[in-house]
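S.K.: Have a look at this prediction, sequence included:
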Amino acid sequence: MEQQKTFDVSKSIKAQVKYCEDNKAPHFAPSNGNCWNCRRNIYHEIDKGSYKTGISVEKATNELVNGCPHCNRSYCD
């Protein structure tokens, strides 16, 4: 059974900042969540038909964000 994902921009932004601070990792994600390449918010879920993209609160809490899930643009190159 797939784990429920929560999509909340402000919670995800805070979670990613905390993750980076706690892990002494560089903060690559846009500060407001809006991708500079495609202009979509990386923390919004977007239904692309056969699959969905977006960074959930859970992912922002536990993983380093280093690119856009919607257009696949890297933020660390």
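M.R.: Received it, and whenever you're ready, just let me know what you need. Residues are numbered from 1 along each chain as shown.
S.K.: Which residues are in contact with the spatially most central residue of the chain?
M.R.: The structure's the chain has its C-alpha centroid closest to Ile55; by Cα atoms, centre = their mean the separation is 3.7 Å. Contact analysis of Ile55 by Cβ atoms under 8 Å, 6 or more residues apart in numbering lists Ser12, Ile42, Tyr43, Val65, Pro69. C-beta here means a position set from N, CA and C on the backbone, and glycine is covered the same way.
S.K.: Quick check: the gap between the closest residue in space to the third one that isn't next to it in sequence and Lys5.
M.R.: Distances taken as Cβ to Cβ, 6 or more residues apart in numbering place Ser12 nearest to Tyr43, at 3.9 Å, with adjacent residues excluded. Applying Cβ to Cβ, to the nearest Å, the value for Ser12 to Lys5 is 11 Å.
S.K.: which residues touch the longest helix along the chain?
M.R.: In the chain, taking DSSP state H as the definition, the longest helix is helix 9-22. Applying Cβ under 8 Å, 6+ apart, the contact partners of helix 9-22 are 25-27, 29, 31-33, 41, 43-44, 55-57, 60-65.
S.K.: and if we set it to 7 Å?
M.R.: Applying Cβ atoms under 7 Å, 6 or more residues apart in numbering, the contact partners of helix 9-22 are 26-27, 29, 33, 41, 43-44, 55, 57, 60-61, 64-65.
S.K.: now, among the residues you listed, which is nearest to Tyr75?
M.R.: Ala29 (6.7 Å; Cβ to Cβ).
S.K.: burial of Asn32, as a residue count?
M.R.: Per other Cβ atoms under 10 Å, the neighbour tally for Asn32 reads 10.
S.K.: For this structure, which segments count as helices?
M.R.: Counting by DSSP H, the chain has helices at residues 9-22, 57-62.
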